[in-house]
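In: Can you look at this prediction? I've put the sequence above it.
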Amino acid sequence: MYHLILTSLILSLLSSSQIIANQQSVSTEKAIKISDDLIPLLDLLLEKGFKVKFQNPPKTGVYGLFHSKSKTLWVAPISFELGIGRHTFLHEATHAAQSCPYGSLTLIGWELPLSPFIRNEIQTTIFTTYDNKDYAIEKEAFSLQGQKNAIDLLLKALNQRCK
């Protein structure tokens with residue numbers, strides 16, 4: 001039931017509003033379409049106490065953001081218009097999983113297959129955009145976002161790491 005309500009509300013939103021379920025929230029700025037296979041991940045994030053906002057992040061120039069202290073992840077609506085909303089959501093959900101159980105980002109420890117081209121693109125992005133101290137954390141999130149089994153990996157990690 002929650003899935004149907006959430007999906008229909010997200011699709012029908014035309015202005016900023018908030019959907020509240022079990023004292024947890026999903027916020028949106030404008031209508032977006034998230035694929036049905038992401039709903040279990042969204043539901044689990046909410047169940048584990050995370051807030052998910054499909055709004056512009058409070059930092060300019062980024063498509064997504066995770067703030068571990070407030071357990072909030074943002075995904076900019078424009079990322080869906082650009083066709084990268086799924087990847088952005090998976091990336092930020094990876095950071096949510098990395099934040100458990102300590103509240104600070106720690107590696108999950110995945111060894112994920114990447115083509116040499118993708119590995120090079122990730123390295124270039126990380127080296128030109130992020131602090132050196134964040135390299136491993138960002139590499140893990142970028143590596144996960146393109147995996148075919150990304151949702152299953154995240155569901156497992158969230159269930160194991162986040163109590």
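Out: Nice, thanks for sending it over. Residues are numbered from 1 along each chain as shown.
In: pLDDT below threshold where in this structure?
Out: Low-confidence segments of the chain (pLDDT under 70): 1-25, 28-30.
In: Try it again at 90.
Out: Scanning the chain for pLDDT under 90 picks out 1-34, 131, 163.
In: need the strands for it, in chain order.
Out: Ranges of strands within the chain are 17-21, 24-28, 51-54, 64-67, 72-75, based on DSSP state E.
In: Contacts made by the last one with the rest, please.
Out: What that stands for is strand 72-75. Applying CB atoms under 8 Å, 6 or more residues apart in numbering, the contact partners of strand 72-75 are 45, 50-58, 63-67, 85, 88-89, 92-93, 95-96. The C-beta positions use only the backbone N, C-alpha and C, and glycine is treated the same way.
In: Just the buried ones from those residues?
Out: With burial judged by 16 or more other CB atoms under 10 Å, the buried subset of the contacts of strand 72-75 is 45, 50-57, 63-67, 85, 88-89, 92-93, 95-96.
In: neighbours around the residue nearest to residue 52 when sequence neighbours are not counted, how many?
Out: With CB to CB, 6 or more residues apart in numbering as the criterion, residue 52 has its nearest non-adjacent residue at 4.9 Å, and that residue is residue 26. Neighbour count of residue 26, defined by other CB atoms under 10 Å: 20.
In: List the beta-bridge partners for residue 26.
Out: On the basis of DSSP bridges, residue 26 is bridged to residue 19, residue 52.
In: correct me, but it touches residue 46?
Out: Yes. In this structure residue 26 lies within contact range of residue 46 using CB atoms under 8 Å: 7.0 Å.
In: Which neighbours do those two have in common?
Out: residue 52.
In: Might you report the residue contacts of the residue of the chain positioned farthest from its centre?
Out: Relative to the centre of the chain, the most outlying C-alpha is that of residue 116, 24.3 Å out, by CA atoms, centre = their mean. With contact set as CB under 8 Å, 6+ apart, residue 116 has no partners.
In: Appreciated, that's everything.
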